[in-house]
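Chemist: Build the 3D model from these lines:
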Amino acid sequence: MNTLSILFITSFVFLPVFALAQTYTDVPLPSPSFTGKKSVEEAIKARRTVRHFKAKALNLEQISQILWAAYGVTANDLYKSVPSAGALYPLDIWVAAGKNGVEGLEAGVYQYIPKAHRLTQVKAGEVRDDIARASLYQSWMAAAPVIFIITGEYERCTRKYGEKGIPYTYIEAGHAGQNVFLQAGALGLGAGIVGAFHNDVIRQVLGISRNYDPILIMPVGYK
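Modeler: Numbers count the residues shown, from 1 in each chain. Next up, the predicted model:
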């Protein structure tokens with residue numbers, strides 16, 4: 001086999017792998033704050049479901065704080081901000097950022113990586129309208145600059161607890177969702193919550209696999 005043939009085969013084998021590696025964009029997040037201006041009691045009292053948002057961008061500090069509150073690591077590189085059966089943590093948090101929705105963040109879908117406290121882009125482009133259509137045409141959702149999606153990967157929990165692992169995952173999603181509500185409120189933001197959507201279509205819109213089952217969708221922005 002001549003040198004030219006070897007180079008051709010090498011390029012054919014390794015170019016797709018290289019291209020795939022370039023598909024993803026890592027976004028480091030600012031460190032979260034562990035003190036705030038509003039007490040837990042005040043945040044609970046003020047909590048409301050919001051369905052109207054201003055066309056005003058959020059910043060990465062706000063996104064970082066909400067993600068940490070929802071599912072961030074709090075101790076020993078393991079324990080997170082919500083209780084989890086067996087500390088198995090079957091949830092994933094996804095961020096659908098709109099065009100000009102977050103300062104310094106391109107429109108697209110991002111996965112939150114708790115241990116590294118960063119985002120990884122899994123899909124580029126605007127998807128808020130598609131999420132709203134997949135959520136029984138709840139158009140108000142698309143006005144929020146950012147939409148958080150909480151998914152469950154049940155096998156992480158069912159491998160230890162059997163079928164009980166599925167409701168355990170739902171319970172955990174409720175804890176994470178409440179943390180989003182309270183942290184958004186403490187930052188002067190509003191959050192909505194949606195449970196009516198077509199799971200398969202949401203997965204397709206986000207560009208994620210069937211392992212991840214959407215449980216809650218939470219638009220967030222200025223009230």
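
Chemist: what residue is smack in the middle of this protein?
Modeler: Nearest to the geometric centre of the chain sits residue 94, at 1.9 Å (CA atoms, centre = their mean).

Chemist: does the nearest residue to residue 155 once chain neighbours are set aside count as helix, strand or coil?
Modeler: By the measure of CB to CB, 6 or more residues apart in numbering, the closest residue to residue 155 outside its immediate chain neighbours is residue 211, 7.4 Å from it. In short, each C-beta sits where N, CA and C put it, glycine included. Applying DSSP: H, G, I helix; E, B strand; the rest coil to residue 211 yields a three-state assignment of coil.

Chemist: to the chain's geometric centre, what's the distance from the longest helix along the chain?
Modeler: Secondary structure of the chain per DSSP state H: the longest helix is helix 165-186. Mean-position distance between helix 165-186 and its chain equals 12 Å (CA atoms, centre = their mean, to the nearest Å).

Chemist: neighbouring contacts of it?
Modeler: 36-38, 40, 42-44, 46-47, 65-66, 69-71, 81-85, 88-91, 93, 148, 150, 152, 154, 156-159, 161, 190-191, 193, 215-216, 218, 220 (CB atoms under 8 Å, 6 or more residues apart in numbering).

Chemist: And residue 176, how far from residue 84?
Modeler: Distance of residue 176 to residue 84, given as CB to CB, to the nearest Å: 10 Å.

Chemist: coming back round to it: just the buried members of the contacts of helix 165-186?
Modeler: 43, 47, 65-66, 69-71, 81-82, 84-85, 88-91, 93, 148, 150, 152, 154, 156-158, 161, 190-191, 193, 215-216, 218, 220 (16 or more other CB atoms under 10 Å).

Chemist: Narrow those to those in helices?
Modeler: 43, 65-66, 69-71, 156-158, 161.

Chemist: Which two among those are spaced furthest apart?
Modeler: By the measure CB to CB, 43 and 158 form the most distant pair in these, at 33.3 Å.

Chemist: re earlier: could you report the separation of the residue nearest to residue 155 from residue 106?
Modeler: 25 Å.

Chemist: list the contacts for the closest residue in space to residue 193 that isn't next to it in sequence?
Modeler: Spatial nearest neighbour of residue 193, chain neighbours left out: residue 218 (5.3 Å); criterion: CB to CB, 6+ apart. By CB under 8 Å, 6+ apart, the contact set of residue 218 is 147-150, 177, 180-181, 191-194.
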